[in-house]
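Sharing a model that was predicted from the sequence below.
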Amino acid sequence: MAKLAVIAIGGNSLIRDNMRQTVEDQYDAVCETAKHIVGMIEQGYDVIITHGNGPQVGFILRRSEIACETAGMHSVPLVACGADTQGAIGYQIQQAMDNEFKKRGMDKSAITLVTQVVVDASDPAFTRPTKPIGSFFSQEQAEKIQKNNPDWVMVNDSGRGYRRVVASPQPQEIVEKDVISKLVREGYCMIAVGGGGIPVIRQRDGSFKGVDAVIDKDFASSLLAAQVQADELIISTGVPKVYLNYGNPDEQALDKVTLAELKEYVKQNHFAPGSMLPKIQAVISFLENGGSKAIITNPESLEEAIAGKTGTHVYR
Ligand SMILES: Nc1ncnc2c1ncn2[C@@H]1O[C@H](COP(=O)(O)OP(=O)(O)O)[C@@H](O)[C@H]1O
Ligand SMILES: NC(=O)OP(=O)(O)O
């Protein structure tokens, strides 16, 4: 029987550098990642692909604000910008996967599912924004932007530059989890929980209502992986492995670690908040909620990583 993996693709890994951010550039990055995911499927995996949207949701929101300020257009709420990214990025992944299936003569197809994720209306995250979105700015640019936009909250994103942050509540339930689970088990390659899912709250009468926030896609992917009882959670990001003392001369790659060891490294502050730490927390949560294995690696190493030749492998 095929192994079921949830593969989370980082939003930043689709934006390879500041000079290559166009929709066409992102599609090239998606095509490159799709080749490696299809390689995994050829090796016997069923996959649910999830993806980030941090840069992209920020671009859409900013375009809407500029159009509002300069041309009197209506503004687009953040929740709708997030829904837009599910469609736009999902479309690119779906097309790239289908093209790659055809090229290799595989009888398989991809489906993007608009996915809502329930959050708690009283989550303290709504009053304490932490999720970086949109472009990176220098300190000088950030100070200027902050003056012109006093309501923005900006942070230094893991030493990579300054970015605007928005509320990022914890995901509690994947609304469409049953249909995602059914379709992947029927053989479809699923693309779901894009951008961490569209954040919704459950109202008193049981109906859902969208709320302005961006859910962390690693947390949402971990929850989905546990809820569909995936065999593995695979996080595809900008590095082939996770490191201790990352960026220092004595940095040390982690090959195989246990859940207990990983928790100890978290206590020792080896993982940067806002970048690697949420991925590690997502892995811990998956393993504590019934998962047996997680891998963190970069897109080009996916096939080698599932064969145990690279990547950081975490076991319960
Ligand atoms: N301990 C660490 N080991 C490896 N990478 C780290 C570590 N701490 C921070 N990082 C950085 O975190 C990045 C992944 O975070 P990010 O770019 O935000 O993710 P995403 O790919 O989901 O957009 C890596 O590319 C690396 O630059
Ligand atoms: N929504 C989200 O977590 O996006 P990134 O992975 O791009 O930060």
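Right, received. Where do you want to start? What you see is a predicted model; the values in this text were computed from it and never measured. Residues are numbered from 1 along each chain as shown. Ligands and ions are numbered 1, 2, ... in the order given.

what's the closest non-adjacent residue to Cys31?
The shortest distance from Cys31 to any non-neighbouring residue, by C-beta to C-beta, 6 or more residues apart in numbering, is to Ala96 (4.6 Å). To be clear about C-beta, it is placed using only N, CA and C from the backbone, and glycine gets the same treatment.

what's the burial count for the residue in the stretch 101-250 of the chain that ligand 1 sits nearest to?
Closest residue of the stretch 101-250 of the chain to ligand 1, C-beta to the nearest ligand atom: Gly238 (2.8 Å). When neighbours are counted by other C-beta atoms under 10 Å, Gly238 registers 12.

So it is in contact with Asn12, correct?
Yes. Using C-beta atoms under 8 Å, Gly238 is in contact with Asn12, at 6.3 Å.

mind listing the helices for the stretch 51-200 of the chain?
Here the stretch 51-200 of the chain has its helices, by DSSP state H, counting those that start in this stretch, at 54-71, 78-103, 139-148, 177-185.

Arrange those in TSV, one row each, with distance to Met276 and mean neighbour count as further columns.
Compiled in TSV, those are given as follows (distance: least, C-beta to C-beta, whole Å; neighbours: other C-beta atoms under 10 Å):
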stretch	distance to Met276	mean neighbour count
helix 54-71	14	17
helix 78-103	22	20
helix 139-148	22	12
helix 177-185	27	17
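
who are the neighbours in contact with the residue of the stretch 101-250 of the chain closest to ligand 1?
Gly10, Asn12, Ser13, Asn298 (C-beta atoms under 8 Å, 6 or more residues apart in numbering).

wait, isn't the first one in contact with Val239?
No. Taking C-beta under 8 Å as the definition, Gly10 is not a contact partner of Val239, at 10.0 Å.

residues in the stretch 1-150 of the chain within reach of ligand 2, list them.
Gly10, Gly11, Asn12, Gly52, Asn53, Gly54 (C-beta under 6 Å from any ligand atom).

circling back: tell me the least confident of the contacts of Gly238?
Lowest pLDDT of the contacts of Gly238: Asn12, 73.

quick one: that one and Pro55 touch, right?
Yes. Counting by C-beta under 8 Å, Asn12 does reach Pro55; the two are 6.4 Å apart.

Mind listing the residues bridging to Ile111?
Beta bridges link Ile111 to Met190 when assigned by DSSP bridges.

From Glu300, how far out is it?
25 Å (C-beta to C-beta, to the nearest Å).

CA atoms only: put stretch 178-189 into CSV for me.
C-alpha atoms of stretch 178-189 as CSV (Å, rounded to 0.1, in the frame of the first residue of the first chain):
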residue,chain,number,x,y,z
ASP,A,178,-12.9,14.3,5.2
VAL,A,179,-13.1,15.1,1.5
ILE,A,180,-9.4,15.7,1.3
SER,A,181,-8.8,12.3,2.9
LYS,A,182,-11.3,10.5,0.6
LEU,A,183,-9.9,12.0,-2.6
VAL,A,184,-6.3,11.3,-1.8
ARG,A,185,-7.1,7.7,-0.9
GLU,A,186,-9.0,7.4,-4.3
GLY,A,187,-5.6,8.3,-6.0
TYR,A,188,-5.9,12.0,-6.6
CYS,A,189,-2.9,14.2,-5.8
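
Residue in the stretch 51-200 of the chain with the shortest distance to ligand 1?
Closest residue of the stretch 51-200 of the chain to ligand 1, C-beta to the nearest ligand atom: Gly52 (4.9 Å).

can you count the residues close to the closest residue to that residue other than its chain neighbours?
Nearest residue to Gly52 in three dimensions, chain neighbours excluded: Gly11, at 2.9 Å (C-beta to C-beta, 6+ apart). Counted with other C-beta under 10 Å, the neighbours of Gly11 add up to 25.

Cys31 - how many residues pack around it?
Neighbour number of Cys31 under other C-beta under 10 Å is 16.

for ligand 1, what are the nearby residues on this protein?
Residues of the chain lying near ligand 1 (C-beta under 6 Å from any ligand atom): 10-13, 52, 158, 237-239, 242-243, 246, 270-272, 275-276.

Recalculate using a threshold of 8 Å.
Listed as neighbours of ligand 1 in the chain under the rule C-beta under 8 Å from any ligand atom: 8-13, 52, 54-55, 132, 157-158, 160, 217-218, 235-239, 241-247, 251, 270-272, 274-279, 298.
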